[in-house]
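1. sequence? don't have it. structure:
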DNA sequence: CTGATGACGGCGC
DNA sequence: TGCGCCGCCATCA
């Protein structure tokens, strides 16, 4: 029908971000792919930077290597780290512990053990 | 229009 | 693991 998901890239990306469950993290590239925009990781970052929705779980979005995208020590960095820990996501040196790739396509989506 | 910048990602060393 | 280089995309000077 005439209700294709995500009429605009921004909407699709925001939806993908909101789809990340609490206590889990996802990479920018993963969000972009889930939004139907493979390779648009940078667009995801731009959307987040412009986002004003306080209900958006922006803190669950990290880089593909599990690191927080903000510069270490910056306000954004601290806030994201604080929120992640508050949700039960352990950080090590500002880096989310990534899982050993066991062949699951969900490797980019990590859940705390 | 060209060049630089950025909440990125992948690959090579 | 850390660092550098390059590719990709959108916005700004």
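-> That came through, no problem. Everything numeric in this text was worked out from a predicted model, so none of it was measured. Numbers count the residues shown, from 1 in each chain, chains lettered A, B, ... in the order given.
2. so which helix or strand takes in the closest residue to DNA strand C within chain A?
-> Nearest to DNA strand C, among the residues of chain A, is residue A:42, at 4.1 Å (Cβ to the nearest atom of the strand). C-beta coordinates here come from the backbone N, C-alpha and C atoms, glycine included. Residue A:42 belongs to helix A:41-50 when assigned by DSSP states H and E.
3. List the buried residues of that helix.
-> When burial is assessed from 16 or more other Cβ atoms under 10 Å, helix A:41-50 yields the following buried residues: A:41, A:43-45, A:47-48.
4. how about residue A:80, what does it touch?
-> A:58-59, A:62, A:68, A:70 (Cβ atoms under 8 Å, 6 or more residues apart in numbering).
5. if you set the cut-off to 10 Å instead, what comes out?
-> A:25, A:58-62, A:68-70, A:74, A:91, A:94 (Cβ atoms under 10 Å, 6 or more residues apart in numbering).
6. Out of those residues, which end up buried?
-> Here, 16+ other Cβ under 10 Å leaves A:25, A:58-62, A:68, A:70, A:91, A:94 buried among these.
7. ok, of those residues, which one's closest to DNA strand B?
-> Using Cβ to the nearest atom of the strand, the buried ones among the contacts of residue A:80 come closest to DNA strand B at residue A:58, 3.9 Å.
8. So which bits of chain A are right by DNA strand B?
-> With the criterion set to Cβ under 7 Å from any atom of the strand, chain A comes near DNA strand B through A:27-30, A:41-42, A:44-46, A:48-49, A:51, A:58-59, A:61, A:63-65, A:69-70, A:76, A:80.
9. quick one, what contacts the residue nearest the centre of chain A?
-> Residue closest to the average C-alpha location in chain A (Cα atoms, centre = their mean): residue A:61, at 1.9 Å. Residue A:61 is in contact with A:13, A:16-17, A:20, A:25-28, A:30-31, A:41, A:44-45, A:47-48, A:68-69, A:80, counting by Cβ under 10 Å, 6+ apart.
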